[in-house]
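Colleague: Could you look at this predicted model? Sequence included:
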Amino acid sequence: MAPGATIFLSAAEASGDEHAARLIQAIRQRLPDARFVGAAGPRMAQAGCEVLADLTGKASMLAGPVLKAGYYLRTVRRLCRGIRKIRPDLLIPVDSPALNWHLAKAARKAGVPVFYYIAPQVWAWAPWRTKKLARLTDQVGCILPFEERYLWDRGVNAAYVGHPLFDAMPAPPAPPDLAEAWAAGRWRVALIPGSREGEIRGHMPALLAVEEMIRRRWPQSHCTFTAYTDDAERLIRKLSKGRDIDVAVGRMREVLAESHFAVTKSGTVTLELAYFGVPMVIFHRTSWLLGLARHVLGRWAVNTPSFSLVNILAGRKIVPELMPWHGNVKKLKAAVKEVMDDYGYLFEIRKQLTQLTDALRVAPPASASDNAAQLAVRLLNHT
């Protein structure tokens, strides 16, 4: 392997951009002269990646790729041409299988080895695609402990590296006083609609109804809506239609650290809540069409009894999840009220949630990014 290896990376969402940026930094410690290029967001660019396209600002839910099909397809073709022209020494797709299947296929045709970082969750939604993952990759980096064995048993060269979310997480502070909040009704509640426009629009009406219910039942409570960006805050306030609500912008972890309880959309944020020991109710807006597909196709299409990461990792439903959720606000409010009224459950679940994330963290001074970088460099050295 030449000291100045060229590595092509591709990330399509803000979380992938963040994880890929840390991976670039970890690889550069081992290969100072390496060149990084690809589909990159601002964090990757700051880490020294040449940006051929930035898809991170255009990520959207479900129908989004359809609505932006023209832009998306043109960008995919341009990136595939870039792989053929540059002929990198390694392709590192990061999460986002809708984009990265195409790039991995292009790399295969060009004879470029592929290290897929943050394995697609085929075990949950498309178990038949494990064959495709095995065919298109030389190495896969898993961030959930059970994925390594699952993929190995199905012919994928997989290795567990740890979850990069926890590479930069601060040590959790002492949790807020749950007994006082429950007894006096002085709750601090995080309401988390999501980061994408589609998520926010789909979840805000229900979260506003939950916030109103909490304020009426516990007048001394305080609810905080979280927004990842200024644009998200503007949309949240627009959807609130002039109501006086508290919105925290770019302070997700500070809000979680001081919250007694949360109502949240699904996704990685549930692991952050678990890390801080915050009891939660999880919901996620899905279309009736998706619900019907699951009902008709059953376990052939959806390979897990739970949808939320917290419950999947626990192996059972330790927190309520309304998934799929089609907009039934009464059902969501009932679930929130039931949990907040049960002090014994709240007290016990705190401990279970914090224990749940222990297996996802890599003991310092190493990190998930370091472990992934070692796999990438090893693959470079053997090609």
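Modeller: All right, it came through fine. Numbering: from 1, shown residues only.
Colleague: residue contacts, residue 282?
Modeller: 264, 265, 266, 270, 308, 310, 319, 320, 321, 322, 323 (Cβ atoms under 8 Å, 6 or more residues apart in numbering). For glycine as for every other residue, the C-beta is placed from the backbone atoms N, C-alpha and C.
Colleague: What strands line up against the strand or helix carrying it, and which way round?
Modeller: Assigned by DSSP states H and E, residue 282 belongs to strand 280-285. Applying DSSP bridges, strand 280-285 is found paired with strand 261-265 (parallel), strand 321-325 (parallel).
Colleague: by contact count, what packs against whichever strand or helix holds residue 253?
Modeller: Here residue 253 sits within helix 252-257, counting by DSSP H and E. For helix 252-257, the packing partners by 3 or more Cβ pairs under 8 Å, 6 or more residues apart in numbering; DSSP states H and E come out as strand 188-192, strand 222-227, helix 269-275.
Colleague: mean confidence score for it?
Modeller: Helix 252-257 shows an average pLDDT of 95 in the prediction.
Colleague: coming back round to it: give me whichever of the strands paired with strand 280-285 is most buried.
Modeller: Most buried of the strands paired with strand 280-285, by mean neighbour count (mean count of other Cβ atoms under 10 Å): strand 261-265, with a mean of 26.
Colleague: Please state the offset of that strand from the chain centre?
Modeller: What separates the centre of strand 261-265 from the centre of its chain is 15 Å, taken as Cα atoms, centre = their mean, to the nearest Å.
Colleague: which residues are contacting that strand?
Modeller: The contact list for strand 261-265, computed with Cβ under 8 Å, 6+ apart, reads 187-194, 199, 203, 207, 210, 256, 270, 273, 278-285, 332, 336, 339-340, 346.
Colleague: Now list the buried members of these.
Modeller: 187-194, 199, 203, 207, 210, 256, 270, 273, 278-285, 332, 336, 339-340, 346 (16 or more other Cβ atoms under 10 Å).
Colleague: ok so, going back, so which of the strands paired with strand 280-285 comes closest to residue 4?
Modeller: strand 261-265 (42.7 Å; Cβ to Cβ).
Colleague: re earlier: would a markdown table of the strands paired with strand 280-285 with mean pLDDT and distance to residue 240 be doable?
Modeller: Listed next are these as a markdown table, based on pLDDT from 0 to 100; distance: least, Cβ to Cβ, whole Å:
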| stretch | mean pLDDT | distance to residue 240 |
| --- | --- | --- |
| strand 261-265 | 97 | 15 |
| strand 321-325 | 89 | 20 |
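Colleague: possible to save the ones you listed as a markdown table with distance to residue 379?
Modeller: Converted to a markdown table, the strands paired with strand 280-285 look like this (distance: least, Cβ to Cβ, whole Å):
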| stretch | distance to residue 379 |
| --- | --- |
| strand 261-265 | 35 |
| strand 321-325 | 36 |
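Colleague: Look up the closest residue to residue 82, ignoring the ones flanking it.
Modeller: residue 52 (5.2 Å; Cβ to Cβ, 6 or more residues apart in numbering).
Colleague: Now do the same for the helix ranked longest in the chain: mean pLDDT, whole number.
Modeller: For the chain, the longest helix by residue count, based on DSSP state H, is helix 197-217. The pLDDT scores in helix 197-217 average 95.
Colleague: Give the residue spans of the chain that score low on pLDDT.
Modeller: Where the chain drops to pLDDT under 70, the residues are 1-3, 58-68, 287-305.
Colleague: where along it do the strands fall?
Modeller: Ranges of strands in the chain, per DSSP state E, are 6-10, 35-39, 49-53, 90-93, 115-117, 139-142, 158-160, 188-192, 222-227, 246-249, 261-265, 280-285, 321-325.
Colleague: ok, now how distant is the nearest residue to residue 203 once chain neighbours are set aside from residue 338?
Modeller: Spatially, and ignoring its direct neighbours in sequence, residue 203 is nearest to residue 193 (4.1 Å; Cβ to Cβ, 6+ apart). Using Cβ to Cβ, to the nearest Å, residue 193 is found at 21 Å from residue 338.
Colleague: re the thing from before, and the longest helix of the chain with strand 222-227, angle?
Modeller: Angle between the axes of helix 197-217 and strand 222-227 is 180 degrees (criterion: axes from the mean of the first three to the mean of the last three Cα atoms, to 10 degrees).
Colleague: tell me what helix 197-217 is packed against?
Modeller: strand 188-192, strand 222-227, helix 230-240, strand 261-265, strand 280-285, helix 329-340.
Colleague: Break this structure into its domains for me.
Modeller: Annotated domains of the chain cover 6-168+362-381, 178-360 [automatic domain parsing].
Colleague: looking at these, which is buried most?
Modeller: Taking mean count of other Cβ under 10 Å, domain 6-168+362-381 is the most buried of the domains of the chain, at a mean of 20.
Colleague: Start and end of it, how far apart?
Modeller: 13 Å (Cα to Cα, to the nearest Å).
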